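>>> Fold the following and give me the result.
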Amino acid sequence: MVRGTIAELYRWPVKSLRGEAVAAARFDDRGMVGDRAHVLVDERAKRAGSVLTVRQNPALLHWSGHYGADISDPAGDPALHGPDGSTWKWDDPELPGALAESLGVPLSLRSEDGNQDRGPTVLVTLQTTVDALSADMGERVDLLRFRPNVHLDLDVAPFAELGWAPGTTITAGDLTLEIVGPNSGACVRCAVPSWDAGGRTRWKELQSRLIERYDNEFGTIMRVTRGGTARRGEAAVVRPAGS
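Presented below is the predicted three-dimensional model:
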């Protein structure tokens, strides 16, 4: 058993847009409530109906979505903030046109009830791992490149989370997360972390290092097995499988 604290909580209201750090968040069988519950849909002829992601258009990171950092259980739609400082309501009929002009892609908006990125899951990262990767790269690596939900400060070895076996749990207050499945929850990364959090510049060496030394893995994917509200600064306990 390892004890620590929840260092940060992050929610990403719109897939592939920047998100928000929150003081508290509620979790249920969908994952973090409100996380990636909205998407931008590509309407180009050859990709019609496909969800737009940073992999196709890094300029998505020029926009951000927010419910509000003091809202642990968002019931409505997010507001979007554009690169020019503008703020838009999700249901503004002019928003799709503004996004299309900014991103250079005809698009539509879609909302669904729950995480549309990895299914009903939660991405957990560790501060020791961020510190070790930063030391390896010779400069600070911004955690937001990896778009986690729960970031923990634990007294464990760097990258320890990649070896957590199915059945490993994290409890914080009334919330329990668990690695479910036949394999570890290690998260295999795409090219997105090579982009800075604002989508301005690409750090290809970071992706190469992850591939060469860490099997292209960073963070661990877990599921909610007991819903509840987690709070930044709250105590967290990691229990190995079978304990």
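>>> For the residue of the chain most remote from its centre, give me the pLDDT.
Counting by C-alpha atoms, centre = their mean, the extreme residue of the chain relative to its mean C-alpha position is residue 45, 29.2 Å from that point. In this model, residue 45 is scored at 86, pLDDT.
>>> And residue 117, by the same measure?
With respect to pLDDT, residue 117 scores 69.
>>> just the one 5 residues further on next, same as before
Confidence per residue is given as pLDDT, and for residue 122 that number is 96.
>>> distance of it from residue 225?
Distance of residue 122 to residue 225, computed by C-beta to C-beta, to the nearest Å: 11 Å. (Glycine included, C-beta is placed from N, CA and C.)
>>> Repeat that for residue 181.
Shown here: residue 181 relative to residue 225, a distance of 12 Å by C-beta to C-beta.
>>> So those two - more neighbours on which side?
Shown here are residue 181 and residue 225; by other C-beta atoms under 10 Å, residue 225 has more neighbours (14 against 11).
>>> which SS state does the more buried one fall under?
Residue 225 falls in the strand class when you classify it by DSSP: H, G, I helix; E, B strand; the rest coil.
>>> For it, give me its contacts.
Residue 225 makes contacts with 169, 176-178, 180, as judged by C-beta atoms under 8 Å, 6 or more residues apart in numbering.
>>> Most widely separated two among these?
176 and 180 (11.4 Å; C-beta to C-beta).
>>> any low-confidence regions in the chain?
In the predicted model of the chain, residues 117 satisfy pLDDT under 70.
>>> quick one, helices of this protein?
95-103, 127-137, 204-214 (DSSP state H).
>>> Any idea which of those helices gets closest to residue 109?
Minimum separation from residue 109 across the helices of the chain (C-beta to C-beta) falls at helix 95-103, 5.9 Å.
>>> Show residues contacting the closest one.
Outside of helix 95-103, the residues within contact range by C-beta under 8 Å, 6+ apart are 40, 52, 57, 59-60, 62-63, 80, 82-83, 86, 88-89, 106-109.
>>> Which among those count as buried?
Among those, the ones that count as buried by 16 or more other C-beta atoms under 10 Å are 40, 52, 57, 59-60, 62-63, 80, 88, 106-107, 109.
>>> Return the subset of those lying in strands.
In strands, judged by DSSP state E, the following of the buried ones among the contacts of helix 95-103 are found: 40, 80, 88, 107, 109.
>>> so which of those residues would you say is closest to residue 199?
Using C-beta to C-beta, the shortest approach to residue 199 within these belongs to residue 40, at 13.8 Å.
>>> which residues touch the residue nearest to that closest one when sequence neighbours are not counted?
Leaving out its chain neighbours, the residue that sits closest to residue 40 by C-beta to C-beta, 6 or more residues apart in numbering is residue 52, at 4.4 Å. Neighbour list for residue 52: 16, 39-42, 60, 103, 105, 107 [criterion: C-beta under 8 Å, 6+ apart].
>>> Would you list the phi and psi of residue 52?
For residue 52, the backbone dihedrals are phi -70, psi 140 (criterion: degrees, to the nearest 10).
>>> how close does it get to residue 197?
18 Å.
>>> cool, residue 97 as well?
Between residue 97 and residue 197 the distance, using C-beta to C-beta, works out to 26 Å.
>>> what about those two, which has more around it?
Shown here are residue 97 and residue 197; by other C-beta under 10 Å, residue 197 has more neighbours (16 against 12).
>>> For the closest residue to the more buried one other than its chain neighbours, the count of nearby residues, please.
Once its chain neighbours are removed from consideration, residue 197 has its nearest residue in residue 144; the separation is 4.0 Å (C-beta to C-beta, 6+ apart). Residue 144 has 18 neighbours, counted by other C-beta under 10 Å.
>>> Isn't residue 144 up against residue 8?
No - here residue 144 does not reach residue 8: they are 9.6 Å apart, not a contact under C-beta atoms under 8 Å.
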